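In: just a sequence and a predicted model for now, questions to come.
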Amino acid sequence: MRIRGLCIFFLFTSLFFVGCSEKSKDKVDTVKTISGLTWYLNIENALAQAKEEKKNIIVMVGEDSCRWCKKMKEQTLTDNRIQEKLKAYILVSVKRSDKDALKYLNTFDGNIPSFFFMQDNKELIESIVGYFKADDFLDYINEIEE
């Protein structure tokens, strides 16, 4: 009887700690530094922040295993001119497999990396697909801002 009581105690204790760790994971995984910039990992949180700061949003859709996504992060997004330009936006990084995030991106066709420029009211301004060298990406952002 004593062993049975201990087993039940450990079972409930284990379930408690598993539940706590899942809740804390949700809170920790809301932003991430990518190429020196802060990116939201949750599009809904980013939209709320964009409304508060009255900024437009850039959503980057990719995957960790995508070589062009990695190249974009390591080469283009680390360029000082790009980083300075992106400070004017709320940045969001989501995975292609994130169905909750993709419901905001009606025109997403599955190709990565993809970038969506949006207003804080969720209205799409423009989108682009693919890897871009820093000069080309900067030209594109400047065109959107005009």
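Out: Thanks, I have the structure now.
In: which SS class is the spatially most central residue of the chain?
Out: Computing the C-alpha centroid of the chain and ranking residues by CA atoms, centre = their mean puts residue 93 first, at 1.9 Å. Following DSSP: H, G, I helix; E, B strand; the rest coil, the label given to residue 93 is strand.
In: and if you look at residue 82?
Out: Put simply, residue 82 is helix when judged by three-state DSSP.
In: what's near enough to touch it?
Out: Residue 82 sits next to 76, 134, 137, 138, 141 when contact means CB atoms under 8 Å, 6 or more residues apart in numbering. In this view, the C-beta of every residue, glycine as well, is placed from N, C-alpha and C.
In: okay, how far is it across stretch 91-102, tip to tip?
Out: Stretch 91-102 has an end-to-end distance of 15 Å (CA to CA, to the nearest Å).
In: tell me the mean pLDDT over it?
Out: Averaged over stretch 91-102, pLDDT sits at 91.
In: same thing with stretch 117-130?
Out: On average, stretch 117-130 scores 93.
In: buried sites along it?
Out: Buried residues in stretch 117-130, counted by 16 or more other CB atoms under 10 Å: 117, 118, 120, 127, 129.
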